[in-house]
Each structure stands twice: as C-alpha cells, then as structure tokens.
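Undergrad: Need coordinates for the following:
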Amino acid sequence: MSSDPFTQILNEILQGLVTQLNGEIGGAIRGAGYDPYPNVASGSASIGVGTASYSVSNLTGISSLQIQDMVVGNVTASGASISGTVNFHAVLNSSLSAQAGGDVKVLFLDPGISGSIRIDSPSISGTAQFQAGTSGGKLCLNQLSGMNANFNYGNASVWIDGLGPLNYLLQPLENLILDAAKGAISGLISSQINSIVSRELNQALPQCVPFP
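TA: Just a heads-up that it's a prediction; the model follows:
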C-alpha cells in the first residue's frame, strides 16, 4: 500500500495538533516555573590576572514558543501499523532576556558585575518518532516519542556595566557570561522544555480521522 495517503493525512493531523498546542504551550511552560526562570547559570573562572564569579538569572521569553510546522517523513507501513519520523520547527515570538551579576577580583579590586543578556530571533528545530495505525475505518496518530530539540541562538548579546580600572576585562568577561548563558539555555530547551512539549503533544493523542 502506498505511503502517500498516510503522509498527507498524518500531516493534516499534525497541523491540527500544532494549532492546539500553540494555544497551550505557553501556559504549560509558565506553570512549570520556566518563565521566568530564576537560576539559569552560575560559576567562577580565571579571567586575566583575576577571578570572575558570575550568575545569570531571571530568564524570560521561553513561554513565547510557537511551533511553526510538524511534517512526517520516512513513513513505513506494515499491515495496520505505520511509523516514521517527524521533523519540526519552532520559533520564540519574543526575545529571551536575563540578568547578569557577580563580581571580579583582581588584587585589592573587587567591582561588582551588573548587566543583561538578550537573544533575538531564537528558534528550535528537531525530530521525533511517530507511531500510527489503521483500524475500524480510521487512521490514528497514536504516539510521538524520542523528541530531540536543537536550539538556534539567532543574535545573542550581553551588556556589562563598566568595571572602572578593570574595564580591560570587559570583553573576556562578557564572552564568559554569554557562553555560560547560551549553554544553560540550550540545556533547558533540550531537556525540560522538550519534555513539556512532548507531554503536551502526547496528552492530545490519539487523534483519529476516517480512512480510507
């Protein structure tokens, strides 16, 4: 049996799921405590001849996530069972922003760190596996599993207030904090946010339509 009719119908089911999920995902992310997200990253590292201790906190914007599309591929039919992959793409409709704090210690100097981080036009892409089947004159999308999300940063920037006589450390300090923030946000997207999206999708399944 050709996979073409399965592909078209499954994509129509997925489009309906996307519409439903986009109305719910923001609330689910906020309800789970990830927007705002209080403690993003912290640590310390050698910087120049001194040491920087930093924290990134109060991340906002993740709940603006909206899935743009979900499309099936590599569809395989075996009897009444159908399986394959799903490719998805999502965007964040608002920028991500967070606060930076900490201090820099060089000899007797100990200026505080105060600044902000902003990530414009971030997006998420990834894949999942689906299970579907035909029974009783219906085609049902039953499960999505193994979601794997990758975070694309768009334009990421950091601003740190002046460090007085240690201003020459501003650039390496900004690089340190921005790298820490990007790594932490990527981890958050690929783990907790990925799990929330997967849970919300599967709570809406199975979805069935008449077939053939």
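Undergrad: Can you classify the most centrally placed residue in the chain as helix, strand or coil?
TA: By Cα atoms, centre = their mean, the chain has its centre lying nearest to Ile189, at 3.2 Å. Per DSSP: H, G, I helix; E, B strand; the rest coil, the secondary structure class of Ile189 is helix.
Undergrad: Report the contact partners of the nearest residue to it once chain neighbours are set aside.
TA: Among residues not flanking Ile189 along the chain, Phe151 sits closest, at 4.3 Å (Cβ to Cβ, 6 or more residues apart in numbering). For the C-beta atoms, the positions are set from N, CA and C on the backbone; glycine is no exception. By Cβ atoms under 8 Å, 6 or more residues apart in numbering, Phe151 lies in contact with Pro122, Ser123, Ile124, Ile185, Ser186, Ile189, Ser190.
Undergrad: May I have the strands that pair with the strand or helix carrying Phe151, each with its orientation?
TA: Using DSSP states H and E, the element containing Phe151 is strand 138-152. Its sheet considered, strand 138-152 pairs with strand 123-135 (antiparallel), strand 207-210 (antiparallel) by DSSP bridges.
Undergrad: Now do the host helix or strand of Gly115: which elements does it pack against?
TA: Assessed by DSSP H and E, Gly115 sits inside strand 112-120. On a contact count with 3 or more Cβ pairs under 8 Å, 6 or more residues apart in numbering; DSSP states H and E, strand 112-120 meets strand 50-60, strand 96-105, strand 155-160, helix 170-188.
Undergrad: Give the buried residues for the third one.
TA: By neighbour count with 16 or more other Cβ atoms under 10 Å, strand 155-160 contains the buried residues Ala156, Val158, Ile160.
Undergrad: Now do that strand against strand 112-120, angle only.
TA: 160 degrees (axes from the mean of the first three to the mean of the last three Cα atoms, to 10 degrees).
Undergrad: So what's the residue count around Thr19?
TA: Residues lying near Thr19 (other Cβ atoms under 10 Å) number 10.
Undergrad: and the next element down the chain from the helix or strand it falls within?
TA: Taking DSSP H and E as the criterion, the element that holds Thr19 is helix 4-22. Per DSSP H and E, the first helix or strand lying C-terminal to helix 4-22 is helix 25-31.
Undergrad: ok, residues contacting that following helix?
TA: Helix 25-31 is touched from outside by Asp35, Ile62, Ser63, Ser64, Leu65, Gln66, Ile67, Ile193, Ile196, Val197, Arg199, Glu200, with contacts defined as Cβ under 8 Å, 6+ apart.
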